[in-house]
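> This is the structure alone, sequence omitted:
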């Protein structure tokens, strides 16, 4: 939208093709700059997520080694079920229906 506005203004002023080409190249550079800054934001977010995942995995590994967590999947599912049941009992509303539907599907 801005690009077409600028090219329309330049064409209206009767400026030559070299000025139009320069203006288009400046617009491309501007949008590349914005794209790079968005890419940096995404890369920073991905790096933070990876760091948090690493810390979580190391903490879980230490907890398993120290015997604080039982790595048995059945026990883990029972613990999660108990925790979710306690959260549902503490709250009310449609979350209880969702959890009942999930348990019925599994």
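Arrived safely. Model, not experiment: these values are computed from the prediction.

> Output the longest helix belonging to the chain.
Ranked by residue count under DSSP state H, the longest helix found in the chain is helix 17-65.

> Whatever helix or strand comes next after it packs against which elements?
Later in the chain than helix 17-65, the nearest helix or strand by DSSP states H and E is helix 73-90. Here helix 73-90 touches helix 94-105, going by 3 or more CB pairs under 8 Å, 6 or more residues apart in numbering; DSSP states H and E. To be clear about C-beta, it is placed using only N, CA and C from the backbone, and glycine gets the same treatment.

> So which residue is dead centre in this protein?
Nearest to the mean C-alpha position of the chain, by CA atoms, centre = their mean, lies residue 45 at 7.3 Å.

> Quick check: that one vs residue 103, distance?
The gap separating residue 45 from residue 103 is 33 Å, by CB to CB, to the nearest Å.

> So the chain: which segments form each domain?
As assigned by automatic domain parsing, the chain contains the domains 1-55, 70-106.

> What residues of the last one count as buried?
By that I understand domain 70-106. Of all the residues in domain 70-106, those buried under the rule 16 or more other CB atoms under 10 Å are residue 88.

> How far does it sit from its chain's centre?
25 Å (CA atoms, centre = their mean, to the nearest Å).

> again with the first one
Centroid displacement of domain 1-55 relative to its chain, using CA atoms, centre = their mean, is 22 Å.

> coming back round to it: with respect to residue 62, which of the domains of the chain lies nearest?
If you check each of these against residue 62 by CB to CB, domain 1-55 wins as the nearest, at 10.8 Å.
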